[in-house]
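Q: A predicted structure for the sequence below; I have some questions about it.
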Amino acid sequence: MAKTATEERIKRLKAHLERENPALAEVVEQFQELDIVARKLGFMSEDDSYATQISWWPVVAVLGTFSAGKSTFLNEYLGHQLQRTGNQAVDDKFTVICYGSDEAPKQLPGLALDSDPRFPFYQISQSIESDATGEGKRIDSYLQLKTCNAEVLRGKILIDSPGFDADKQRDATLLITDHIIGLSDLVLVFFDARHPEPGAMTDTLEHLVANTINRQDSDKFLYILNQIDNTVREDNPEEVVAAWQRAMAQSGLTAGRFFRIYSEEAAVPIDDQQIKERMKAKRDEDLGDIKNRIQQLDVNRAYRVTGMLEQSAKHLRDVLVPELIKARRLWFKRSRWLNGIVFGAMIIAFAYWSLSTGSWDGVIFRPLADMAPLIQLVLVGAAAIALAMLYGHLRLMAGRSVLRKLKRESSPGVDGKRLTMAFERNLDSWSKHLSAGHPHNWSGRLQRRLDKLIASADTLVQKLNDRFTRPSGANDQ
Ligand SMILES: Nc1nc2c(ncn2[C@@H]2O[C@H](COP(=O)(O)OP(=O)(O)O)[C@@H](O)[C@H]2O)c(=O)[nH]1
Ligand SMILES: [Mg+2]
């Protein structure tokens, strides 16, 4: 059997997870099980899957001013010299960094991102294309993919960015930045302590801040003043930090967390041991907090993914199936009415006509009784077939009217698209002859299968609780 694109995608998703986080690879199988149930009931098309609707790898984006030390930070975090650094514009592409088991880092063109199941910006070029015609095709000139076998990369994706240059802000860069901000689970916004004064970062700030203040997910932004070591020699780090925060506030940004760090490797030498230690202690604290936030994404991811499984399965069982039964009931009711009216009218018309023409002789219908037996048989047969077809047609009409109603009115909290899809399927399946309470394929076996799936999703969540909360009695070793 030919594999669909979705099957192929899930296969690759599983392969990636098996290398990286085998526990989650098992969850993919449960998603597939849910797909099977949903497809049988008609709630999902063949080329769709619950597994492809969530981001399995949380994304951390590093944005900020040019030469603020973004790439240096990432290299240190990874423990690999992956990205080029320097005060010149060394890298003008967005670099998506993900785990790869190969010792040597691999570099792939941006197009590779388009079809890889790991990336939530699967088909990013289409979405950019729809925003700016023509730019989607040039995705390779903006994006590249690198793999690295750093342990900290397992289960997450990092994005390094070229940094904004006020004069050179091209539309596509901004578009991609917005896209990346949208899909990221955490956004580190880097500023340069060498130029904390408002003028130097107004443009960057304007773009970042203007788009973030009113966001619902504004707590995913961490504002980082980097290269704080540069300020120590001038003896005024506090003032620099204050000026920076003032600039942020002037741009409207008062919420969010502020951090101050520097790179130990790149730092300028500082002779005064006391100052140096104080600076390092503060930096270690802030850096630790930043790393914690990144680490937390792993925990969140595991919960999010299993939570999504449980939620989707429960939505199917507790909302979609009951709604489908409700829709079937309405269909059957409308069908009874419609058929009752049409057949009733026909019986009355026939009775009126046959009585008024005196066609009845007791219980014998004269026009028929006068014919040859074979013709009688053919006529009665033909009439029976015509009436059955009429009945079926009216039933379908009633069903279509319910379908239109479902498409028109969506109830809150119900996945209306799935519901109408399944109802449509019920309209032309054998199950239309069953009772209203028996949707297509909704057998006891399938119900047990779904119950089992929900129970095992519960177990998964418990397992995660054990792993992440380590309740008393659990062994830490
Ligand atoms: N003094 C100092 N220099 C840094 C620090 N971080 C990065 N640099 C230097 O700043 C320059 C720009 O860094 P880079 O990481 O390429 O910046 P990016 O453009 O934001 O990626 C490089 O020469 C780094 O060595 C820091 O914390 N302190
Ligand atoms: Mg860089």
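A: Received the coordinates, thanks. Numbering: from 1, shown residues only. Ligands and ions are numbered 1, 2, ... in the order given.
Q: Please count neighbours and contacts with C-alpha atoms only from this point.
A: OK.
Q: what helices or strands is the helix or strand where residue 454 lies leaning on?
A: Secondary structure from DSSP states H and E places residue 454 in helix 444-469. The criterion is 3 or more Cα pairs under 8 Å, 6 or more residues apart in numbering; DSSP states H and E, and the helices and strands that helix 444-469 contacts are helix 22-41, helix 273-314.
Q: Who are the packing partners of the last one?
A: This points to helix 273-314. On a contact count with 3+ Cα pairs under 8 Å, 6+ apart, helix 273-314 meets helix 22-41, strand 257-260, helix 444-469.
Q: chain center to the helix or strand that that helix is followed by: distance?
A: Next along the chain after helix 273-314, taking DSSP H and E as the criterion, comes helix 321-356. How far helix 321-356 lies from its chain's middle: 44 Å, per Cα atoms, centre = their mean, to the nearest Å.
Q: now do stretch 66-80
A: On the basis of Cα atoms, centre = their mean, stretch 66-80 sits 29 Å off its chain's mean C-alpha point.
Q: Wondering if that stretch reaches ligand 1 at all.
A: Yes. Looking at stretch 66-80 against ligand 1 by Cα under 6 Å from any ligand atom, the contacts come from 66-72.
Q: Now the buried members of the residues you listed.
A: 66-72 (16 or more other Cα atoms under 10 Å).
Q: Next, give me the two most distant ones among the residues you listed.
A: 66 and 72 (12.1 Å; Cα to Cα).
Q: now the helix holding residue 454 and helix 22-41, what's the angle there?
A: 160 degrees (axes from the mean of the first three to the mean of the last three Cα atoms, to 10 degrees).
Q: Which positions within helix 444-469 qualify as buried?
A: Across helix 444-469, burial judged by 16+ other Cα under 10 Å covers 446, 450, 453-454, 456-458, 460-461, 464.
Q: In JSON lines: the residues you listed, plus pLDDT and distance to residue 236.
A: As requested, those are exported to JSON lines (pLDDT from 0 to 100; distance: Cα to Cα, whole Å):
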{"residue": "446", "pLDDT": "96", "distance to residue 236": "69"}
{"residue": "450", "pLDDT": "96", "distance to residue 236": "64"}
{"residue": "453", "pLDDT": "95", "distance to residue 236": "60"}
{"residue": "454", "pLDDT": "94", "distance to residue 236": "58"}
{"residue": "456", "pLDDT": "90", "distance to residue 236": "58"}
{"residue": "457", "pLDDT": "88", "distance to residue 236": "54"}
{"residue": "458", "pLDDT": "85", "distance to residue 236": "54"}
{"residue": "460", "pLDDT": "82", "distance to residue 236": "52"}
{"residue": "461", "pLDDT": "79", "distance to residue 236": "49"}
{"residue": "464", "pLDDT": "73", "distance to residue 236": "46"}
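Q: Just the closest of these to residue 221, please.
A: residue 464 (26.3 Å).
Q: mind giving me the domain ranges of the protein?
A: Domain ranges of the chain: 59-270, 319-457, per automatic domain parsing.
Q: Deepest-packed of these, please.
A: When the domains of the chain are scored by mean count of other Cα atoms under 10 Å, the highest mean neighbour count falls to domain 59-270 (a mean of 18).
Q: export the residues of stretch 66-80 next to ligand 1 to CSV and tack on secondary structure?
A: CSV is the format used below for the residues of stretch 66-80 next to ligand 1 (DSSP: H, G, I helix; E, B strand; the rest coil):
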residue, secondary structure
66, coil
67, coil
68, coil
69, coil
70, helix
71, helix
72, helix
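Q: Could you export those as CSV, including distance to residue 5 and pLDDT?
A: Converted to CSV, the residues of stretch 66-80 next to ligand 1 look like this (distance: Cα to Cα, whole Å; pLDDT from 0 to 100):
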residue, distance to residue 5, pLDDT
66, 39, 81
67, 41, 86
68, 41, 90
69, 40, 93
70, 36, 94
71, 35, 94
72, 38, 95
